[in-house]
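Peer 1: Got a sequence here, can you model it:
(one chain, ligands or ions: 1)
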Amino acid sequence: MHAEAQRRREGEVRGYQFDFRCYRRRFLQPLVTSHGIWHTREGIIVCLGNCGYGEIAPISWFGSETLEQALDFCRQLPVEVTEEMIFSIPDNLPACQFGFESALGGMGSGEKKQNSSPLPPAPCPPASLLPSGEGALNQWKALWKQGYRTFKWKIGVDAISRELEIFDLLTRTLPPAAKLRLDANGGLSYEEAKLWLGTCDDISANIEFLEQPLPVEQFSAMLELSAVFKTAIALDESVATLQQLKHCFEKGWRGIFVIKPGIAGSPSRLRDFCQQHQIDAVFSSVFETEIGRQAALQLAAELSQQNRAVGFGINHFLDV
Ligand code: MG
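Peer 2: As a prediction, this is how the structure comes out:
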């Protein structure tokens, strides 16, 4: 029998020693989005068989389980965990599915073994998150000098008139080679979304896309806007988990999908879906540690289309 298949069978039957611990990391600068202000990232590191590490980094306000639900799941597991248990983690625990499957990857089975092959060279440097509001005007230059060329700016945080003023200044000063992504986190009204998209259509700056202009329940309105304006729309909150992603695809979304592997669910099923449908995906961080980040970047390297920058340029927000 092939060595990996042998290990896999043993894993199903015998089980792997399982351990976990929690972590807390405070952001260097709080993350301000239209969902509120986020100060501390908390998550769980899982370990299988003393060498397979994975990370559970939930964002419950984004659609994953809560940290407490993930902890409850870990606490009720036996000291030995089988592959069968891992592949049966229910869909309402997507961050757990990701954490356990990627830990299994470190064991040489299940998810592709991490670090078994070096990552292919990144097609372009990651997108870098700018501070919200006026802070963006002061920080992009330092990030540009570090090599970043794609920037992301949160909107829907302040009054639209003020944000449009800052946007005007920002797009006039960014170099022509820069790309800008706007992320509303579902915080705009329909009229505001039209105003932003119209403004983006009318300027010469390179606006890569507007991310999640409207709340999740206004899918049809976003589908309609995507047909009317030149500026692309990316769904993010609407496609937080693989189930939601499949649902939006079935309802006709052919724009951009933002995928956060850390909370999307089973990486093996996510890979199957993306490869089958060749969707235009942008991969993004959930402010995880290096353990989750490596597993997420491996997936991004395999599945990114059209040379889109991955959204992992967030180190200036975390002490890493
Ligand atoms: Mg987003």
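Peer 1: mind checking the backbone torsions on the residue in the stretch 51-200 of the chain that the ion sits nearest to?
Peer 2: Of all residues in the stretch 51-200 of the chain, D183 sits closest to the ion, at 4.3 Å by CB to the ion. For glycine as for every other residue, the C-beta is placed from the backbone atoms N, C-alpha and C. Main-chain torsions, D183, degrees, to the nearest 10: phi -130, psi 110.
Peer 1: What ranges in the stretch 1-150 of the chain fall below the confidence cut-off?
Peer 2: Confidence mapping of the stretch 1-150 of the chain against pLDDT under 70 gives the ranges 1-13, 108-123.
Peer 1: which residues of it fall in strands?
Peer 2: Taking DSSP state E, counting those that start in this stretch as the test, the strands found in the stretch 1-150 of the chain are 16-33, 36-48, 52-56, 80-81, 128-129, 150-154.
Peer 1: Quick one: residues contacting the residue of the stretch 51-200 of the chain closest to the ion.
Peer 2: D183 makes contact with 33, 152-155, 210-212, 236 under the criterion CB atoms under 8 Å, 6 or more residues apart in numbering.
Peer 1: same thing but 10 Å
Peer 2: Contacts for D183 were tallied using CB atoms under 10 Å, 6 or more residues apart in numbering; they are 33-34, 129, 132, 152-157, 209-213, 234, 236-237, 258, 284, 311.
Peer 1: give me the subset of those touching the ion.
Peer 2: 211, 236 (CB under 5 Å from the ion).
Peer 1: How much space separates whatever residue of the stretch 151-300 of the chain ends up closest to the ion from G187?
Peer 2: Closest approach between the stretch 151-300 of the chain and the ion, counting by CB to the ion: D236, at 3.6 Å. Distance of D236 to G187, computed by CB to CB, to the nearest Å: 12 Å.
Peer 1: picking that back up, generate a ChimeraX selection restricted to the buried subset of the contacts of D183.
Peer 2: Those of the contacts of D183 that count as buried under 16 or more other CB atoms under 10 Å are selected in ChimeraX with:
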select :33,34,129,132,152,153,154,155,156,157,209,210,211,212,213,234,236,237,258,284,311
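Peer 1: In helices, which of the contacts of D183 fall?
Peer 2: Secondary structure from DSSP state H places none of the contacts of D183 in helices.
Peer 1: Which residues belonging to stretch 58-75 are considered buried?
Peer 2: 58-59, 62-65, 67, 69-71, 73-74.
Peer 1: Spell out which parts of the stretch 151-300 of the chain neighbour the ion.
Peer 2: Residues of the stretch 151-300 of the chain lying near the ion (CB under 5 Å from the ion): 183, 211, 236.
Peer 1: Could you pull out the helices in the protein for me?
Peer 2: For the chain, the helices defined by DSSP H occupy 3-14, 67-75, 83-87, 94-105, 135-145, 160-173, 190-202, 219-228, 242-250, 261-264, 267-277, 290-303.
Peer 1: Redo those helices as a markdown table? Include distance to Y23.
Peer 2: Compiled in a markdown table, the helices of the chain are given as follows (distance: least, CB to CB, whole Å):
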| stretch | distance to Y23 |
| --- | --- |
| helix 3-14 | 26 |
| helix 67-75 | 11 |
| helix 83-87 | 21 |
| helix 94-105 | 12 |
| helix 135-145 | 26 |
| helix 160-173 | 34 |
| helix 190-202 | 37 |
| helix 219-228 | 35 |
| helix 242-250 | 25 |
| helix 261-264 | 14 |
| helix 267-277 | 21 |
| helix 290-303 | 10 |
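Peer 1: Perfect, I'm done here.
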